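Asker: What shape does this take:
(4 chains)
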Number of protein chains: 2
Amino acid sequence: MPRTKTAADGDRDLRVDAERNRNLVLAAARDVFAEQGLQAPMAAVARRAGVGIATLFRRFPTKDDLVTAVFADKMRMYTQIIDEALDDPDPWHGFRTCVERVCAMQAADRGFTDVLTVAFPSATAFEAERDRAVARLSELIDKAKATGRLRADFVHQDMIMVLMANSGVLAATTEAAQDTWRRLVAYLIQAFAAEAASPLPDPATPDEVTLALLRRNAAAGDGPSE
Amino acid sequence: MPRTKTAADGDRDLRVDAERNRNLVLAAARDVFAEQGLQAPMAAVARRAGVGIATLFRRFPTKDDLVTAVFADKMRMYTQIIDEALDDPDPWHGFRTCVERVCAMQAADRGFTDVLTVAFPSATAFEAERDRAVARLSELIDKAKATGRLRADFVHQDMIMVLMANSGVLAATTEAAQDTWRRLVAYLIQAFAAEAASPLPDPATPDEVTLALLRRNAAAGDGPSE
DNA sequence: CGGCAAGTGGAGCTTGCGCTCCACTTGCCG
DNA sequence: CGGCAAGTGGAGCGCAAGCTCCACTTGCCG
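Answerer: All right, here's what the predicted structure looks like:
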């Protein structure tokens, strides 16, 4: 992908050295964010890329722009996982592997976890992607319920709940207990099975959960009212 | 509790005005941390207490000291919840309400959540309390398993896993979806029921999880190796 | 009631991080 | 090959947060 003139992205043709540095930065950012999460300092990215900080900021005027660029394809991968699950001849199996795969993505990339939950303002850039994901997901959920294997009171917000819960486990576990998240996911999937079903508290009213995820951006850092 | 000379705490008798300010600070910190989590600035606590920053720091030389002082009794409450669960004639019922109550404590106090998971160095101050809690908890778990209602492969580290997962949900939900945590907890409890049991991934080897929680203190902020 | 240790507030130091400015270099077009 | 827009690195700015210093006030004991 030589990207020279990729439609609809703001920057014109870059000089070859600039283009190379841009890619170095993206690669470095991918690594750094994956290891340290989004709170990694920009300077760390620049150092890893072997470029000056100014270079980084000319290409990505804001940390948020960098985050958006870095995670665009991971977001695509995320929705793709749902698409693939929809193709599974066994929707319940598709559903389960879908949950597992997304959680595995989180486990492999702290930054991705942050994008999905702690959420940067950048989340707004992924709105379209996420809306499509939710739509497909609802489809998948309906199919899985139809088989009678997924409990009937499961709602798509529960999926986001899983991501949030998983991020909590990932944030707190170090190398010592790296695989704890697998156990959480296994428990939850068993809870989602129809056989396990006992009444649950009401879910938040439609889309409150997803909206909540977006709101925190607008509200981010509005801080102490006191 | 006039505290004038409370044994084994470093500071001698305080002047009455100092004592009053100390209490104002503690009360303010309790509120501020509960609302905003441990990342709330010290200045916010001082402002809320109506004292200068210097006053706050003379009484609690380090943010960590303040956190420790503020959450000492909440930690006691935490272990007490386990004790009460042990007194329940129905251990399975005791177990469930124990999980619910601790999670409710987290939901009511972002700071407490942080103490239990994100963990401050202060966690070391609570080591003894936490060890006793783990011991009692294991007892409770054994009793609950004996009734045949709690799945046999449940381990005490799973409880900490619940706390971490819950903290993730709480961190990501705003007022819009405040009660999502209840749904998570309900799902998990159903997963912990013996009837739901299907094989699980191995838990971390004994105490890796609890240790991991402590380690992150030592390691906290050792940052990018690169 | 006088003196002073204890206490107080806030200015300010330090560190960390996002981001900018600018003097210098370099790919590229004619 | 010459010139200049494009690109570059790093010093440095602004801000937030933990924490310290110090000139001033005040409870308390004799």
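
Asker: Now the residue most central in space within chain A. Its backbone dihedrals?
Answerer: Residue closest to the average C-alpha location in chain A (CA atoms, centre = their mean): A:L116, at 3.7 Å. Main-chain torsions, A:L116, degrees, to the nearest 10: phi -80, psi -30.

Asker: Count the neighbours of A:P91 for me.
Answerer: Neighbours of A:P91 under the rule other CB atoms under 10 Å in any protein chain shown: 23. Any C-beta I mention is one placed from the backbone N, CA and C, and that applies to glycine too.

Asker: How about A:A152?
Answerer: 8.

Asker: Can you read off the pLDDT for the spatially closest residue to A:V51 that is not a sequence neighbour?
Answerer: Using CB to CB, 6 or more residues apart in numbering or on different chains and skipping the chain neighbours, the partner closest in space to A:V51 is A:N21 (5.2 Å). We have a pLDDT of 97 for A:N21.

Asker: again with A:G223
Answerer: You'll see A:G223 listed with a pLDDT of 37.

Asker: same question, A:A193
Answerer: A:A193 is assigned 96 on the pLDDT scale.

Asker: Return the residues in contact with it.
Answerer: Listed by CB atoms under 8 Å, 6 or more residues apart in numbering or on different chains, the contact set of A:A193 reads A:149-151, B:196.

Asker: Flag the least confident of the residues you listed.
Answerer: Least confident entry in these, by pLDDT: B:A196, with 81.

Asker: didn't that one look like it was pressed against A:I189?
Answerer: No: counting by CB atoms under 8 Å, B:A196 stays clear of A:I189, with 10.3 Å between them.

Asker: neighbour count winner among these two?
Answerer: Ranked by neighbour count (other CB under 10 Å), B:A196 and A:I189 place A:I189 first, with 21 against 18.

Asker: follow-up on the earlier one: now tabulate the contacts of A:A193 in CSV and tack on secondary structure and distance to B:A49.
Answerer: What follows is the contacts of A:A193, written out as CSV (DSSP: H, G, I helix; E, B strand; the rest coil; distance: CB to CB, whole Å):
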residue, secondary structure, distance to B:A49
A:R149, coil, 55
A:L150, strand, 51
A:R151, coil, 49
B:A196, helix, 48
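
Asker: Find the residue closest to the closest residue to chain B within chain A in space, skipping its chain neighbours.
Answerer: Using CB to the nearest CB, A:G168 is the residue of chain A that sits closest to chain B, at 2.0 Å. Spatial nearest neighbour of A:G168, excluding adjacent residues (CB to CB, 6+ apart): B:G168 at 2.0 Å.

Asker: Check which helix or strand that neighbour maps to.
Answerer: Element membership of B:G168 [criterion: DSSP states H and E] is helix B:156-172.

Asker: And that helix, what does it pack against?
Answerer: If you count contacts as 3 or more CB pairs under 8 Å, 6 or more residues apart in numbering or on different chains; DSSP states H and E, helix B:156-172 packs onto helix A:157-172, helix A:180-192, helix A:208-219, helix B:91-108, helix B:110-116, helix B:127-146, helix B:180-192, helix B:208-219.

Asker: Alpha carbons of that helix, as PDB, please.
Answerer: Presented in PDB, the C-alpha positions along helix B:156-172 are these (Å, rounded to 0.1, in the frame of the first residue of the first chain):
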ATOM      1  CA  HIS B 156     -10.200 -17.800  45.800                       C
ATOM      2  CA  GLN B 157      -8.200 -15.900  43.100                       C
ATOM      3  CA  ASP B 158     -11.500 -15.900  41.200                       C
ATOM      4  CA  MET B 159     -12.800 -13.500  43.700                       C
ATOM      5  CA  ILE B 160     -10.100 -11.000  43.000                       C
ATOM      6  CA  MET B 161     -10.800 -11.600  39.300                       C
ATOM      7  CA  VAL B 162     -14.300 -10.500  40.000                       C
ATOM      8  CA  LEU B 163     -13.100  -7.300  41.700                       C
ATOM      9  CA  MET B 164     -10.900  -6.500  38.800                       C
ATOM     10  CA  ALA B 165     -13.600  -7.200  36.200                       C
ATOM     11  CA  ASN B 166     -16.100  -5.100  38.200                       C
ATOM     12  CA  SER B 167     -13.600  -2.200  38.400                       C
ATOM     13  CA  GLY B 168     -13.300  -2.300  34.700                       C
ATOM     14  CA  VAL B 169     -17.100  -1.900  34.300                       C
ATOM     15  CA  LEU B 170     -17.300   0.800  36.900                       C
ATOM     16  CA  ALA B 171     -14.400   2.800  35.400                       C
ATOM     17  CA  ALA B 172     -16.100   2.800  32.000                       C
END
